[in-house]
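Q: Sequence plus predicted model, see below.
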Amino acid sequence: MENGAKLERNKDVYRRYIELLNVQNFDSLHEVVDPERYREICVGFTPGWVNLTDAVTSLEKVLTGIPDLNARIDDIVAEDDKVYARLTVHGTNSGTFYGIPASGGSYEVNMFDYATIEDGRIVERIQQSDTLSQMRQMYGGTAKKAGLLIASGLVAGSVLFSATRRLVRSA
């Protein structure tokens, strides 16, 4: 396959991935994700690298608080087996978000995403979004408190996740 065609195919795979996330069709992710090799880190929300099942579980927790979560691809670039994207993510906090009651506040923030695609499917993804702006927009003056509560929950989850992994490895 010509390199230019491969790069366009990789971008199409990534676009389809975002489309499936936006419509919350997690059962079809196998179309564009290799579930056996997939790993992801969502800086600020996952406790380090997680597999596809754990990534979907994490996203479902976010969707409990922000059921209308949506991502728009603003820029996308492919190079070799990598796809880099800048997205705008928006939603409304209409449900409990990591234990914090709904504020009704909407937000719109930028996110950077980096995916590795092998054999036509995503095998690795790293994402970084502007979580502080998200918290400020959703919770206004209480953003600092909300951010601390979420951060403490994520740290506790990370510690529990790490401890569980150590126990499983030693068993």
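A: Right, received. Where do you want to start?

Q: For this protein, give me the ranges with low pLDDT.
A: Low-confidence segments of the chain (pLDDT under 70): 1, 141-171.

Q: What's opposite the residue nearest the centre of it in the beta bridge?
A: Residue closest to the average C-alpha location in the chain (CA atoms, centre = their mean): Cys42, at 5.1 Å. In this entry, Cys42 is beta-bridged to Gln127, by DSSP bridges.

Q: longest strand in this protein, by residue count?
A: strand 106-118 (DSSP state E).

Q: Direction included, what does it pair up with?
A: In the sheet, strand 106-118 lines up against strand 82-92 (antiparallel), strand 121-129 (antiparallel) (DSSP bridges).

Q: Tabulate those (a markdown table), appending distance to Asp74.
A: Where you see a C-beta, it was placed from the backbone N, CA and C, and this is true even at glycine. As requested, those are exported to a markdown table (distance: least, CB to CB, whole Å):
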| stretch | distance to Asp74 |
| --- | --- |
| strand 82-92 | 5 |
| strand 121-129 | 13 |
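
Q: Turn those strands into TSV, columns for mean neighbour count and distance to Ile66.
A: Listed next are the strands paired with strand 106-118 as TSV, based on neighbours: other CB atoms under 10 Å; distance: least, CB to CB, whole Å:
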stretch	mean neighbour count	distance to Ile66
strand 82-92	18	4
strand 121-129	19	12
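
Q: Which of those strands sits closest to Thr46?
A: Closest to Thr46 of the strands paired with strand 106-118, according to CB to CB: strand 121-129, at 9.2 Å.

Q: so after that closest one, what's the next helix or strand?
A: Tracing the chain C-terminally past strand 121-129 and defining elements by DSSP states H and E, one meets helix 131-139 next.

Q: can you pull the buried residues of that following helix?
A: For helix 131-139, the neighbour count (16 or more other CB atoms under 10 Å) marks 131, 134-139 as buried.
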